[in-house]
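Asker: Sequence and predicted structure, then a few things I'm wondering about:
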Amino acid sequence: MNNDANTYAVDHRGGADMQRLIDQDHLMNQTMGDLFPQDIDPSGLHSVLDVACGPASWILQVAFKYPYLSAVGFDISQQMINYGRAFATVRKLSNVELRVMDALRPWDFEDATFDFVNARLLEWFLKEHQWLPLLQEMLRVTTPGGTIRSTEILTNETNSPAFNRILALIWEGWKRDGRASQTAPDTYAGAGTRLSAMFAQTGISITGEQEYHLDWSWGAPAHQQIMRDIVVLYTLMQSYLVHTVQVVKEQEYQLLLQTMERELYAPEFQGIWHYKSVWGRKPL
Ligand SMILES: C[S@@+](CC[C@H](N)C(=O)[O-])C[C@H]1O[C@@H](n2cnc3c(N)ncnc32)[C@H](O)[C@@H]1O
């Protein structure tokens, strides 16, 4: 599909991103209520794939909760996959397989292998022109009648000027290196805003859509957790913003990070994180 080098906008080398993704997975699963959409009966599933699974948190839970099905995940990061494999060994999960693989190249799976294919938060490495080929690859490996689900961010609304400035910088960076089109809105509009259209373009008939709105204002149960997630995420994006897309100077970014942390800790802080899942069927 594409020969681009690793395009993940987050510096994942030190392991901090892995811990962040594990924490974030718990929060997202809690908000989403279940591992599968409401209209999917997991007892009818045989094999499930998680694309760019990170430290494999979601797929490991699937393997644990539904021991009769075959659970497969892949990610480009050897470190994340090693973590997932170690966890699977400790939990004695024999129905899970984790592989190192690049989602931007043709996948090493036969056609029609999985009856549920999941993908979450791919915006952090996918460029605009890579979305449809990737959805087509998801469709290819799905059994006829099987389900494809994608979950992505819509936006993150806050009253923190420093947070909002960094989000604007990310958006500028996305536009500069082709993660968002030049004709996209002026303010950050995550890939979640385009999922339904992209599903339709790929020929996936949509069977469900669900938006999630997570309050992380000061005092809300999710405040501490999302704040930690954001502080780590934005710190790990410094190299991408300063050196790769060059939308901000290092000193200015450092200052923004410090100011943001203060603003997120203030009792008047208000924030709502919006994200969305879209799922649909591969035609019979
Ligand atoms: C934002 S994380 C999301 C991880 C997981 N889907 C989740 O929801 O927790 C993005 C993941 O994509 C992986 N990644 C980046 N580029 C990739 C590529 N070309 N192929 C496969 N995985 C990739 C990263 O290593 C990282 O684990």
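Answerer: Received it, and whenever you're ready, just let me know what you need.
Asker: contacts and neighbour counts: CA atoms only from here.
Answerer: OK.
Asker: Find the closest residue to the ligand in the stretch 1-150 of the chain.
Answerer: Distances between the stretch 1-150 of the chain and the ligand by C-alpha to the nearest ligand atom are smallest at Gly54, namely 3.2 Å.
Asker: how far away is that residue from Tyr83?
Answerer: 9 Å (C-alpha to C-alpha, to the nearest Å).
Asker: what does Gln270 give?
Answerer: Gln270 sits at a distance of 34 Å from Tyr83 (criterion: C-alpha to C-alpha).
Asker: Equivalent analysis for Ala197, please.
Answerer: Distance, Ala197 to Tyr83, using C-alpha to C-alpha: 35 Å.
Asker: Repeat that for Asn156.
Answerer: Distance from Asn156 to Tyr83, counting by C-alpha to C-alpha: 29 Å.
Asker: Among the two, which residue is more densely surrounded?
Answerer: For Asn156 versus Tyr83, neighbours defined as other C-alpha atoms under 10 Å are more numerous around Asn156 (20 against 17).
Asker: That one contacts Ile226, correct?
Answerer: No: look at Asn156 against Ile226 with C-alpha atoms under 8 Å: they stay out of range, at 11.1 Å.
Asker: and Asp11, what does it touch?
Answerer: Asp11 sits next to Asp17, Leu236, Met237, Ser239, Tyr240 when contact means C-alpha atoms under 8 Å, 6 or more residues apart in numbering.
Asker: can you list the residues of this structure near the ligand?
Answerer: Residues of the chain lying close to the ligand by C-alpha under 6 Å from any ligand atom are 6-8, 21, 25, 52-54, 75-77, 101-104, 119-122, 124-125.
Asker: Which members of the residues you listed are classed as buried?
Answerer: By neighbour count, with 16 or more other C-alpha atoms under 10 Å, those hold 8, 21, 25, 52-54, 75-77, 101-104, 119-122, 125 as buried.
Asker: where in this protein is pLDDT low?
Answerer: For the chain, applying pLDDT under 70 flags the ranges 1-5.
Asker: any idea which residue sits dead centre in it?
Answerer: The residue lying closest to the centre of the chain (C-alpha atoms, centre = their mean) is Leu121, at 1.3 Å.
Asker: For it, give its distance to Asp102.
Answerer: 15 Å.
Asker: same check, this time on Ala184
Answerer: Distance of Ala184 to Asp102, given as C-alpha to C-alpha: 27 Å.
Asker: Then Asp25?
Answerer: From Asp25 over to Asp102 (counting by C-alpha to C-alpha), the distance is 21 Å.
Asker: hang on, the earlier thing: does the residue nearest to the centre of the chain touch Gly190 like I think?
Answerer: No: look at Leu121 against Gly190 with C-alpha under 8 Å: they stay out of range, at 9.8 Å.
Asker: Name the residues contacting each of those two.
Answerer: Glu152, Ile153.
Asker: How about the secondary structure of Thr155?
Answerer: Under DSSP: H, G, I helix; E, B strand; the rest coil, the three-state class of Thr155 is strand.
Asker: got it, and Trp131?
Answerer: State at Trp131, reduced to three classes by three-state DSSP: helix.
Asker: So what's the residue count around it?
Answerer: 20.
Asker: wait, what's in contact with it?
Answerer: Contacts for Trp131 were tallied using C-alpha under 8 Å, 6+ apart; they are Met198.
Asker: what do you get for the one 4 residues further on?
Answerer: The neighbours of Leu135, taking C-alpha under 8 Å, 6+ apart as the test, are Phe199, Thr202.
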